[in-house]
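Trainee: predicted model and sequence below, questions to follow.
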Amino acid sequence: MKEKEIKKRAIEQINKQGGVAWCPPKVKWLKENDVFGIFDAIVIYPPSNIVFIQWTTKSNIRAREKKILSFLKSRKVSIYCEIWGFDNINQNFKVIHIYGDKK
């Protein structure tokens, strides 16, 4: 499944859960269009929970997890974030929760 379709389904699910999602605008001439070069969206769940989300296919979850953990560790930051991997067979998302950089 293409990233555009995964994004559409993820935002629909976030909206159903009462969240408000922001995704960086796509710009032709930029190589990176992600938040911090890692995340696809920032989501606010009322009243004040902020979650950084990376979406991908289910088969790419572990690669994205390694990339995020490497980013957090190299910058010595610890945040809560999620990876949403779309499962084509079950037509839903598998969500991986990351709490900090797992030092």
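Mentor: Yes, it's here. Just so we're clear, the structure is a prediction, and the values are computed from it rather than from any experiment.

Trainee: just checking, residue 67 is part of a strand?
Mentor: No. Residue 67: not assigned to a strand; according to DSSP: H, G, I helix; E, B strand; the rest coil it is helix.

Trainee: any idea how far it is from residue 81?
Mentor: 11 Å (CB to CB, to the nearest Å). All C-beta spots, glycine's among them, are computed from the backbone N, C-alpha and C.

Trainee: same check, this time on residue 39
Mentor: 7 Å.

Trainee: what segments of this protein are strands?
Mentor: 20-22, 41-45, 49-57, 80-87, 92-99 (DSSP state E).

Trainee: so which of these is the most surrounded?
Mentor: For the strands of the chain, the largest average neighbour count (mean count of other CB atoms under 10 Å) is found in strand 80-87, namely a mean of 20.

Trainee: may I have that one exported as CSV, CA atoms only?
Mentor: C-alpha atoms of strand 80-87 as CSV (Å, rounded to 0.1, in the frame of the first residue of the first chain):
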residue,chain,number,x,y,z
TYR,A,80,6.8,9.2,23.8
CYS,A,81,6.0,8.3,20.2
GLU,A,82,4.2,5.7,18.2
ILE,A,83,4.8,3.7,15.0
TRP,A,84,1.6,2.7,13.1
GLY,A,85,2.2,-0.2,10.8
PHE,A,86,-0.7,-0.9,8.4
ASP,A,87,-1.5,-4.6,8.0
